[in-house]
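S.K.: Sequence first, then the predicted structure, then my questions.
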Amino acid sequence: MKENQHIDTQRLVLASQSPRRKDLLEEAGVLIDILPSCADEVLPEGVAPSGCAMALARLKARDVAETHPERWVLGADTIVVVDDTILGKPDSADDARRMLSLLSGRSHQVCTGFCLINKALEREICDVVITEVTFKALSEAEISWYIGTDEPFDKAGAYGIQGKGASLVREIKGSYTNVVGLPVCEVVEHLKDIDLVEFR
Ligand SMILES: Cc1cn([C@H]2C[C@H](O)[C@@H](COP(=O)(O)OP(=O)(O)OP(=O)(O)O)O2)c(=O)[nH]c1=O
């Protein structure tokens, strides 16, 4: 076997176009190849929000695993949940305003589902991590300012805790990286089990 063939099989395939997930994994020292999924993200009916995040993560990972059956593929999905209502990405400034108004002055849950699949080995490892985030009360002016930053538009719940959105957040309970898009501690634990990262 050639040396680079061996290295190739050890690289994780990240089935995501999210720059946050790429950065989080690379900062944790995980070697990745990026192959975003083209799967239609349709929420399953009659499933609890955390189950939806896991189902969408599985959908993305399975889509890419179809064409890369020998590789370990990671899919993930982040949703914001408030009063059992799921907030995905806003589709307009009005939608972002609606979401930020819903989140103002109270707590919500951020659920990130993730799924590791190796089709050839017939293995699937799926899990979901939940973080509780509390927003300060937001004035109309603060909401308008935040929408003007353009941060809300590619993010679940219309905010990014890692950017200017940090100034909206009073408190978090649980994993910070889970809010940003991937629970690094939990994912790396699984990657150790399947020998994709060295013991550390
Ligand atoms: C709440 C929150 C979400 N997000 C992001 C993480 C995710 O990228 C995004 C939720 O959308 P997702 O559908 O989970 O992911 P994505 O469309 O960005 O990428 P892909 O489906 O290809 O994996 O929201 C933040 O960056 N910061 C935050 O504070």
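M.R.: Now that the structure is in, tell me what you want to look at.
S.K.: could you say what helices and strands the helix or strand that contains D33 packs with?
M.R.: For D33, the element it lies in under DSSP states H and E is strand 32-34. Here strand 32-34 touches strand 12-14, helix 19-27, going by 3 or more CB pairs under 8 Å, 6 or more residues apart in numbering; DSSP states H and E. Where you see a C-beta, it was placed from the backbone N, CA and C, and this is true even at glycine.
S.K.: Which other helices and strands does the longest one contact?
M.R.: In this structure, helix 19-27 makes packing contacts with strand 12-14, strand 32-34, helix 176-180, helix 184-193, judged by 3+ CB pairs under 8 Å, 6+ apart.
S.K.: what's the distance between the helix or strand following the strand holding D33 and the middle of its chain?
M.R.: Using DSSP H and E, the helix or strand that directly follows strand 32-34 along the chain is helix 49-67. Here helix 49-67 is found 11 Å from its chain centre; the criterion is CA atoms, centre = their mean, to the nearest Å.
S.K.: For helix 49-67, which outside residues touch it?
M.R.: 13, 15-16, 35-39, 41, 43-44, 47, 71, 73-79, 81, 84, 86, 109, 111-119, 124, 126-128, 130 (CB atoms under 8 Å, 6 or more residues apart in numbering).
S.K.: which bits of this protein sit near the ligand?
M.R.: 16-18, 20, 36, 60, 76-78, 80, 89, 110, 155-157, 159-162, 165, 179-181 (CB under 6 Å from any ligand atom).
S.K.: Can you say which of those are buried?
M.R.: 16, 18, 20, 60, 76-78, 80, 89, 110, 155-157, 159-162, 165, 179-181 (16 or more other CB atoms under 10 Å).
S.K.: Among the residues you listed, which are located in helices?
M.R.: 20, 60, 179-180 (DSSP state H).
S.K.: Please tabulate the helices and strands packed on strand 32-34 in JSON lines and include mean pLDDT as additional columns.
M.R.: Output for the helices and strands packed on strand 32-34, formatted as JSON lines (pLDDT from 0 to 100):
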{"stretch": "strand 12-14", "mean pLDDT": "97"}
{"stretch": "helix 19-27", "mean pLDDT": "96"}
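S.K.: so which of the ones you listed comes closest to K136?
M.R.: Nearest of the helices and strands packed on strand 32-34 to K136, taken as CB to CB: helix 19-27 at 22.9 Å.
S.K.: average pLDDT for stretch 37-44?
M.R.: Stretch 37-44 shows an average pLDDT of 88 in the prediction.
S.K.: Now that stretch - C-alpha only, CSV.
M.R.: Extracted C-alpha coordinates of stretch 37-44, given in CSV (Å, rounded to 0.1, in the frame of the first residue of the first chain):
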residue,chain,number,x,y,z
SER,A,37,-24.3,16.9,1.1
CYS,A,38,-27.0,17.7,-1.5
ALA,A,39,-29.7,15.9,0.4
ASP,A,40,-33.1,17.7,0.8
GLU,A,41,-33.4,18.8,4.4
VAL,A,42,-37.0,17.8,5.1
LEU,A,43,-37.9,17.8,8.8
PRO,A,44,-39.5,14.4,9.8
